[in-house]
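S.K.: Attaching a predicted model along with its sequence, questions to come.
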Amino acid sequence: MNKITNLQLTPLDRKPQLVQHFVSLEGEGGTIGRSALYIRTGECSLRCNFCDTAYSVEGKGEHDIVDMTSDKYVDLLRKTYSRLQRKNITNLSITGGEPLLNINHIKDLILKTKEAFPNIDQIIFETNGTMLSERDNCFLLVEQIGCLHPKINFMLSISPKLSGVISYSKIKTDEEILDIYKNVLNNYKCVLDAHFDIQLKFVHSDELAKWNETLIDYALEMATPLHKNQILIMPFTPSDPLGRDAKAWEDSKDSAAQYAMANFFRYSPRVHVDRKLD
């Protein structure tokens, strides 16, 4: 895998590329348990050494559809999913890679998806959030979804990546990364708050807590702070949670739940891991 030399904060010129799609239950976060269509786009602004969908970073996937605003994409969804699924599924999760690299084409992507799933009324962007550190990207995102709001409820589900060594190919210090996410939160309050719900999802471990708590403290102490219910604490998932690492997985869930309870945050399980969902 090629290493990036700079943090990618500029939207891609090309149309969004489909890497993967599937129907499952929302396994974590504020919409947990809802049936959802997942669409995974290619390429990412980061290079995390723990990434569990590394194939999407380079745009490698199951399909040769390189334009998710095309009729070919709609035909694939219609052929893959039953009429019953397409009628009853109302939740869409756009993930990656980094889906907000495709800001220029988000509206067309959503409209094409709704041709196959016409009753979608909740859309979640699963994002690392870094694209939103640039205010121009925030205005562009509002412009893209303006004609769809308020008929569709939009949520930014941000999983902050706060360690330069882990996620940024050592090109950013932890202090610089924290500043990036401070910009993200400020831009959310100034530009996006009226159009998007937000949740910050933090994977908890003793090692990660020192990074997480710095950003959590900032989010709760802003001039217009986030609410504690918008801070979600999730367990750290070991390599083989239902096999050789089962005990570590149970301990991780207990630790995250206790931490959330002690600090009055929301605890989010990872149902898709426990139930072997996609």
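M.R.: Structure received. Numbering: from 1, shown residues only.
S.K.: Make sure L226 is indeed in a strand.
M.R.: No: L226 is assigned coil when assessed by DSSP: H, G, I helix; E, B strand; the rest coil, not a strand.
S.K.: Count the residues that sit near it.
M.R.: Summarising burial for L226: neighbours were counted as other C-beta atoms under 10 Å, giving 19. C-beta coordinates here come from the backbone N, C-alpha and C atoms, glycine included.
S.K.: how much space between it and L242?
M.R.: 33 Å (C-beta to C-beta, to the nearest Å).
S.K.: And the lowest mean pLDDT element among the helices and strands of the protein?
M.R.: Taking mean pLDDT, DSSP states H and E as the measure, the helix or strand of the chain with the lowest value is helix 164-167, at a mean of 73.
S.K.: Show me what counts as buried in it.
M.R.: Across helix 164-167, burial judged by 16 or more other C-beta atoms under 10 Å covers 164, 166-167.
S.K.: Mind listing what's buried along the helix or strand that it is followed by?
M.R.: For helix 164-167, the succeeding helix or strand toward the C-terminus, using DSSP states H and E, is helix 174-187. Residues of helix 174-187 classed as buried under the neighbour-count rule (16+ other C-beta under 10 Å) are 177-178, 180-187.
S.K.: Now do the strands for the stretch 1-150 of the chain: every range, in order, please.
M.R.: Using DSSP state E, counting those that start in this stretch, the strands found in the stretch 1-150 of the chain span residues 18-25, 35-41, 91-95, 122-127.
S.K.: what's the burial count for the nearest residue to S205 once chain neighbours are set aside?
M.R.: In space, not counting the residues next to it along the chain, S205 is nearest to F236; the distance is 4.4 Å by C-beta to C-beta, 6 or more residues apart in numbering. As a burial measure, the neighbour count of F236 was computed by other C-beta under 10 Å and equals 20.
S.K.: And F236, its phi and psi?
M.R.: Backbone torsions for F236, taken as degrees, to the nearest 10, come to phi -80, psi 130.
S.K.: Same check on the one 4 residues further on?
M.R.: According to degrees, to the nearest 10, the main-chain angles of D240 amount to phi -130, psi 70.
S.K.: The closest residue to it other than its chain neighbours: neighbouring residues, count only.
M.R.: Nearest residue to D240, sequence neighbours excluded (C-beta to C-beta, 6+ apart): A246, at 7.9 Å. Summarising burial for A246: neighbours were counted as other C-beta under 10 Å, giving 12.
S.K.: closest to S24 among the buried residues of helix 164-167?
M.R.: When the buried residues of helix 164-167 are compared for distance to S24 (C-beta to C-beta), S167 wins out at 25.4 Å.
S.K.: which residue sits closest to the closest one in space, ignoring its chain neighbours?
M.R.: Closest residue to S167 in three dimensions, ignoring its sequence neighbours and counting by C-beta to C-beta, 6+ apart: K161, at 4.0 Å.
S.K.: likewise V57?
M.R.: Computed as C-beta to C-beta, 6+ apart, the closest residue to V57 that is not its neighbour in sequence is C44, at 4.6 Å.
S.K.: doesn't V19 make contact with G42?
M.R.: Yes: the pair G42 and V19 passes the contact test of C-beta atoms under 8 Å, sitting 4.6 Å apart.
S.K.: Now do the same contact list for E134.
M.R.: Under the criterion of C-beta atoms under 8 Å, 6 or more residues apart in numbering, the neighbours of E134 are 9, 183, 187.
S.K.: so can I have JSON lines of those showing distance to L141 and pLDDT?
M.R.: Putting the contacts of E134 into JSON lines (distance: C-beta to C-beta, whole Å; pLDDT from 0 to 100) gives the following:
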{"residue": "L9", "distance to L141": "13", "pLDDT": "91"}
{"residue": "N183", "distance to L141": "15", "pLDDT": "97"}
{"residue": "N187", "distance to L141": "10", "pLDDT": "98"}
